[in-house]
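Student: Predicted model and sequence below, questions to follow.
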Amino acid sequence: MTNHPLLKDLNPQQREAVTTINGPVLVIAGAGSGKTRVLTYRVAYLIKELGVAPENILAVTFTNKAANEMRTRIEKLLNINTKGLFIGTFHSICVRILRANIEYLPYEKNFSIFDRDDQIRVVKKLLEEIKSRETPKRLLHHIQKIKAGHEPESEWHYEFYKKYQQKLLELNAMDFDDLLLNTKKLFEEYEDVKNFYAEQFKFIHVDEYQDTNRIQYELLRHLSSKHGNIFVVGDDDQSIYSFRGADIRNILHFERDFPDAKIIRLEQNYRSTKNILKAASVLISHNTMRKGKTLWTDGPEGEKLIVHEAFNEKEEAEFVASKIEELGRPFSRNLILYRTNAQSRTFEEVFNKRGLPYIIVGALKFFERKEIKDLLAYLKLILNPKDDISFLRIVNTPHRGIGAKTIKHLSDYAIQENLHLLEAIPGFVEFKGMKYEKLRRFYNLIDHFLKLKEKKEDVFTILHALINTLEFEEYIRKTYEGQEPREKVEGRIENINALLGLAQEFVISQPQPTLENFMEQIAVQTEQDDMDIEQKDRITIMTVHNAKGLEFENVFITGMEDGVFPHKSALSTTYELEEERRLFHVAITRAKKRVIITYAKERSIRFGEFLSPSRFLDELPEDVIIFDSVTKRHRDIQKEEQEKRQQTELHRGDYVYHPMFGRGRILVKNGDKVKVLFTDGIKTLSLKFANLIKTR
DNA sequence: TTCGGAGGTCTTTTT
DNA sequence: GACCTCCGAA
């Protein structure tokens, strides 16, 4: 059996992982150790070699993209159709289960799924009624914490959470957390339902186990309660989602939670050079909360990691651009990473100026674009007329002269009559008279589409008619022309067509292309994934979080300053700081050949304040990194300065050093202000901000 | 009553 | 720059 052709391209540990079928298995898979391969081969092995029916296999991935990739790979490997196989994210699988068992829940089958934006709107709406100093974002954070099983911070927070849940129920809507929570509740309250799924899923696989949260863990316990064949893959050193409730203890305590679990370590790395691995290993060894493992490779030693100091973000981007030009084509070998999305802008500007092709992944995802969200809000309202949040979003988009006052009056009437906003319109107009003709027209518009939906028209027909009726393209043109460059406006139009294309594809590929089924798929599909399949030769730019699972020849890790990376909000506790370190570890291990790290002395988001290099840079082993010449000079000078202990008093006539202007001499000193003669002229500087260093 | 412009504030990561 | 609030014009 171990000679099966499927197994010949696996190393001994990978093979063991693939062929250990019964009972709980934890695979600790370091970066680049072939964990995706193990997962796909295992599923293939189950089907092909052991004759397991695809519908008895469940595979949970972290993103929809990963799910699609896995499915494609298995199909290639086995040359079969994987229709019956359950592959998806926790959220997409839960939606399927909820919809199939909706009669047990206080929701209707056409429930809306609220994303973060919708959630904020709900919280805001509730806040209007109560006066509070809390911001919607903070409150939402509290709500999510409570849902994740944390103790509420106060009775008041708990009360607010209850109100929020009540509101969602009224709107026939669930947020992302509810999808998981309600599934869990369903399993706990109806044993038959639980047993049905626990019976069906004889073999359970979970990818990225280090980033599962408590609810997901509990769901897995329920699902594995019959057969106990649970196979999880993860890397505690790559756990980077605790802010969203991921609980690293799930992976750290796996053996305790699932007794007799088999642990398999994949430590051979097939991706990076020795130098890169060494940097990553030494860095991560500073963490205390880890299972501990050592990655090794047969590969070459490779180049050292380069560190470059830039004066500001502009120069940082210029440096990266020059380096990429120097390395030459193909550009697609290069990945640029940063900690926060806000850092993307400078790269965009500089690359545009130089004519370098690039793609920013995830900055503004397809389904988060305004024009797409507006259209989806129409579809959501048509699907679920109780969805007041979507109603409010589009009642005056495109503009139809329905402003805040009108809405307020309608809303008062709706509350008084205990109706939802849309259904309140006819009565309200009758009651208040012709003044509200515009509302009536809006009602007729939606009503028309409700009828189309009831006639079971397909989603393409509905969306197409909607875009035409709204004259949506003209609206987009009118709104943005003159405001934005032409390509950007055309981009918006293209987005609309892309959504239409998606609907068309759905109609062709699905046996029942109803609005309901389309929205089910769309709601949990938050990436731009399939929208951008074109293979072009361009640089990839994204956050480190987005880079998980990817690999590139050259990786630029930018913005390595204290306060940016590690982020300033994560400096106070060891727990948070360790997560930032794992994040940096993820960044480094994306690289196959080269790692280039940059940091800036100044950044416009924190203007006037000079930044210091990230503390993580000091944790990298000295023998595998080199500072480029400019950086080295700056660092030497700073070191010298530190040795001399705190800044010496500066006087007229002193020689000084400035990070951008270089060496100079103080001509005039007046309190905090100094005039300094540099090689390229006289500058007036503030001692507080300029960070002048006395040299000589 | 609606709507657009001006001016102020804040900015982590995402299924 | 995204988002909010405030204010004056239509």
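Tutor: Cool, the structure landed. Numbering: from 1, shown residues only, chains lettered A, B, ... in the order given.
Student: How about the residues of chain A by DNA strand B?
Tutor: A:62-64, A:89, A:91, A:115-116, A:176, A:240-241, A:243-244, A:339-342, A:362, A:365, A:396, A:399-406, A:409, A:524, A:526-527, A:543, A:545-546, A:567, A:569-570, A:605 (CB under 7 Å from any atom of the strand). C-beta coordinates here come from the backbone N, C-alpha and C atoms, glycine included.
Student: in stretch A:55-72, what's buried?
Tutor: Along stretch A:55-72, these residues count as buried under the neighbour rule (16 or more other CB atoms under 10 Å): A:56-71.
Student: what does stretch A:217-232 give?
Tutor: Quick answer for stretch A:217-232 (16+ other CB under 10 Å): A:217-220, A:222-224, A:226-227, A:229-232.
Student: Just the terminal-to-terminal distance for it.
Tutor: Between the start and the finish of stretch A:217-232 there is a gap of 11 Å, counting by CA to CA, to the nearest Å.
Student: Next: stretch A:564-573.
Tutor: 16 Å.
Student: for that stretch, which positions count as buried?
Tutor: Judged by neighbour count using 16+ other CB under 10 Å, the buried positions of stretch A:564-573 are A:564, A:565, A:566, A:567, A:570.
Student: least confident pick among the residues you listed?
Tutor: Minimum pLDDT across the buried residues of stretch A:564-573 is recorded for residue A:570, with 85.
Student: mind checking the SS state of residue A:676?
Tutor: Secondary structure for residue A:676, judged by DSSP: H, G, I helix; E, B strand; the rest coil, is strand.
Student: Make sure it is actually in contact with residue A:655.
Tutor: No - checked against CB atoms under 8 Å, the pair residue A:676 and residue A:655 is beyond contact range at 9.8 Å.
Student: out of these two, which sits in the busier spot?
Tutor: Here residue A:676 and residue A:655 are compared on neighbour count by other CB atoms under 10 Å; more neighbours surround residue A:676, at 24 against 14.
Student: For that one, which non-adjacent residue is closest in space?
Tutor: In space, residue A:676 comes closest to residue A:664 once its chain neighbours are excluded; the distance is 4.3 Å by CB to CB, 6 or more residues apart in numbering.
Student: Could you pull out the buried residues of stretch A:456-469?
Tutor: Counting neighbours by 16+ other CB under 10 Å, one finds that the buried residues in stretch A:456-469 are A:457, A:458, A:459, A:460, A:461, A:462, A:463, A:466, A:467.
Student: Could you do stretch A:178-188 as well?
Tutor: Residues of stretch A:178-188 classed as buried under the neighbour-count rule (16+ other CB under 10 Å) are A:178, A:179, A:180, A:181, A:182, A:183, A:184, A:186, A:187.
Student: What lies in contact with that stretch?
Tutor: A:90-91, A:94-95, A:97-98, A:101, A:104-105, A:107, A:113, A:147, A:168, A:174, A:193-194, A:197, A:215-216, A:218-219, A:222, A:524 (CB atoms under 8 Å, 6 or more residues apart in numbering).
Student: Residue A:456 looks like it's in a strand, true?
Tutor: No - remark: residue A:456 does not belong to a strand; assigned using three-state DSSP, it is coil.
Student: Contacts only, for it.
Tutor: Residues in contact with residue A:456, defined by CB under 8 Å, 6+ apart, are residue A:514.
Student: Quick check: the farthest pair among the buried residues of stretch A:55-72?
Tutor: Largest separation among the buried residues of stretch A:55-72 by CB to CB: A:56 and A:65, giving 24.7 Å.
Student: that's a strand at residue A:292, yeah?
Tutor: No - with three-state DSSP as the criterion, residue A:292 is located in coil rather than a strand.
Student: List the contacts of the residue of the stretch 301-450 of chain A found nearest DNA strand B.
Tutor: The minimum distance from the stretch 301-450 of chain A to DNA strand B, using CB to the nearest atom of the strand, falls at residue A:403 (2.2 Å). By CB under 8 Å, 6+ apart, the residues touching residue A:403 are residue A:396.
Student: 10 Å instead, please
Tutor: Contacts for residue A:403 (CB atoms under 10 Å, 6 or more residues apart in numbering) come out as A:395, A:396, A:438.
Student: same check, this time on residue A:259
Tutor: Residue A:259 is in contact with A:23, A:24, A:228, counting by CB under 10 Å, 6+ apart.
Student: List just the nearest of those to DNA strand B.
Tutor: Checking the contacts of residue A:259 one by one against DNA strand B (CB to the nearest atom of the strand), the nearest turns out to be residue A:24, at 23.7 Å.
Student: from memory that closest one sits against residue A:229, does it?
Tutor: Yes - Residue A:24 is within contact range of residue A:229, at 7.7 Å (criterion: CB atoms under 10 Å).
Student: Which neighbours do these two have in common?
Tutor: Between them, residue A:24 and residue A:229 share the neighbouring residues residue A:204, with contact defined by CB under 10 Å, 6+ apart.
Student: And the pLDDT for the residue nearest to residue A:343 when sequence neighbours are not counted?
Tutor: Spatial nearest neighbour of residue A:343, excluding adjacent residues (CB to CB, 6+ apart): residue A:559 at 5.3 Å. pLDDT, the model's per-residue confidence, is 92 for residue A:559.
Student: show me the residues around residue A:559 that make contact.
Tutor: Applying CB under 10 Å, 6+ apart, one finds that residue A:559 lies in contact with A:310, A:313, A:316, A:337-340, A:342-343, A:346, A:565, A:567, A:597-600, A:603, A:611, A:614.
Student: mind redoing it with 8 Å?
Tutor: Contact analysis of residue A:559 by CB under 8 Å, 6+ apart lists A:313, A:316, A:338, A:339, A:340, A:343, A:565, A:598, A:599, A:600, A:603.
Student: and the longest strand along chain A, what does it pack onto?
Tutor: Across chain A, the longest stretch assigned as strand under DSSP state E is strand A:591-602. The helices and strands touching strand A:591-602, judged by 3 or more CB pairs under 8 Å, 6 or more residues apart in numbering; DSSP states H and E, are helix A:274-284, strand A:305-312, helix A:313-327, strand A:552-557.
Student: hey, where'd the helices end up in the stretch 351-500 of chain A?
Tutor: Ranges of helices within the stretch 351-500 of chain A are A:370-383, A:388-394, A:404-417, A:421-432, A:437-454, A:459-470, A:472-480, A:486-509, based on DSSP state H, counting those that start in this stretch.
Student: Any chance you could list what contacts whichever helix or strand comes after the longest one?
Tutor: When you say that, I think you mean helix A:486-509. Scanning forward in sequence from helix A:486-509 by DSSP states H and E, the next helix or strand is helix A:515-523. Under the criterion CB under 8 Å, 6+ apart, residues A:95-96, A:99, A:109-110, A:112-113, A:115, A:367, A:376, A:379-380, A:382-383, A:453, A:459, A:462, A:502-503, A:506, A:510 lie in contact with helix A:515-523.
Student: I'm done for today, thanks for sticking with me.
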